[in-house]
Structures are given as structure tokens and as C-alpha cells.
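Colleague: what's the 3D shape of this:
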Amino acid sequence: MSVPPKTNSWRKPIARTALALALALTAAAPALAAAPQSVHTDAATEDQQPRTEVRAEQGTLYIAYSGPVVPGMAKFLANEFAKYRDWTHRVILILNSPGGSVEEGERVIDVLREIRVTHRLDTAVFQGATCASMCVPIFLQGRERYAAGSSLWVFHEASRVADGDDGKAVADDEETLRLFRSYYVKAGVRVAWLNEVLAKIANGHNLWQTGQELLAANAGIITQGLSDVTERPELKPAAAPAQAGRRTAGR
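Modeller: Here you go, the predicted structure:
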């Protein structure tokens, strides 16, 4: 008889975030209360090394990934899922990423689609975290897609390195449309909103949005909003206020 694999050890800051996460979540997302968040406290940048945390609890595998979409991300996700697939029925992928390689992003999506064959897959972007560029199609693979109003999102055209132009990147309109049709439209993102985005990002522009703006626009990127109110885990819990004695009749 085999036993489930031992989860990664948890640093103290992660353990302290459990109550903070519970306060931050809507009633529709109770399973996220056990999810790691410490890898998402800093802004993700394109040149940083990815940071990851993995935890399995009560049938749910939490995988937190903070960093660019670079070669090795798909293999990491596949390996972690293989370790826990027989002991879980749900995977929650928590993202904080500035985007990166389209090729690796599509390999990641292939892994996530394989996970969805046997497991429920949800995705999340927490308070203050970023999901930009190729991170968004990865996020869109979730059945439920949770994000805080204070999360930050960036949309722009796909690009490629131009031949004979000192290695500078140029916008690739055809690739941009392919990505939008393959991943955004198929995930239920509103087409009218996508057309507005295409007009704004044309000719080499970034469109910056908050999670709250995406929710207000009914874009279809985020399916469940998360609260932006979180606990400060570095502070001791406040003492309960003293209760005044109850007066009785005749005194």
C-alpha cells in the first residue's frame, strides 16, 4: 500500500497567511483559504528566476508560480501534478507573472488541458499580483478564474524578432489574432471587449487594467472576484474588547 507524497515544507510566512486569505476570499472561493500567497508579495519581473510553492491539502493541489513564462515551467507543472494526481481531485494554479515565451506558454496550456481531463482546474491571481501578456491565456485555462480587484493585468500584441533589424522585436498582428481566437474567445471572453482591446493595443501599445476594471467591464477574464481586504500577518491579533457587566433589574 502506497502513501501520498509529502508536501513541500512551508516557511512560517506562508502558514501565517491562512487567516488573511480566508478574510480576502468571497464565499464562492473557500478552497483558496489554504493556498500559498507568500510568493506573490513582490512584483514579478521578466528577468527574475521563478519562485514556486506546492501544497496538497484535503484533495486539492495548490501550485503557486511567480515569475516569467520561461522554458521549464511546463515541465515543473507536469512533474508536480504527477506526484499528487492520485491523491487529489482539484488543482488550483496561483499566478504572478509578467508573461514571456509564447512557445512555453502553449506547452503550459497543453499540460493544464491534460490536468483538466481528470481533475478540476481553477486559477487565481491574488491581491497586488500581476498577470500580463502570455500569463493571461494560461490563467484562462481555469474552470473558475479568481482574481482580486487590486490585481494588475497587461495586454499587448504578440511580437517577434525582426530579421536584419538589430534583433529588435516587432508586433505580429497575425499571431496576436491567433492567440485571441485560440485562448480568449474559447474561454468565453466577451468578443466586443476583445475588439476594444485590439484597437487600444494596436501599433505597439500596452493596455493596463486592474482586476476591478475587468470585472466592471464584464470582460469574461475573471469569473470570481476576491476581496482586497487582507489581514496583516506580522501583527498580533487584537485582544477582544472587554464586555461590560450586565445590569439586572432592581440594582
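
Colleague: just for the stretch 101-250 of the chain, where's the confidence low?
Modeller: 162-167, 238-250 (pLDDT under 70).

Colleague: Show me where it has its strands.
Modeller: 120-125, 130-132, 145-148, 152-155, 159-161, 169-171, 207-210, 224-226 (DSSP state E, counting those that start in this stretch).

Colleague: now for whichever strand or helix holds K83, which elements pack on it?
Modeller: Assigned by DSSP states H and E, K83 belongs to helix 73-84. Contact here means 3 or more C-beta pairs under 8 Å, 6 or more residues apart in numbering; DSSP states H and E; on that basis helix 73-84 packs against strand 51-57, strand 60-66, helix 102-118. C-beta here means a position set from N, CA and C on the backbone, and glycine is covered the same way.

Colleague: coming back round to it: which one, of the strands of the stretch 101-250 of the chain, ends up nearest to K186?
Modeller: Nearest of those to K186, taken as C-beta to C-beta: strand 145-148 at 13.5 Å.

Colleague: one step back: after the helix holding K83, next one along is what?
Modeller: strand 90-96.

Colleague: Which elements pack onto that next one?
Modeller: Against strand 90-96 (3+ C-beta pairs under 8 Å, 6+ apart) you get strand 60-66, strand 120-125, strand 130-132, helix 135-139.

Colleague: quick revisit: and among the helices and strands packed on helix 73-84, the most buried is which?
Modeller: strand 60-66 (a mean of 23; mean count of other C-beta atoms under 10 Å).
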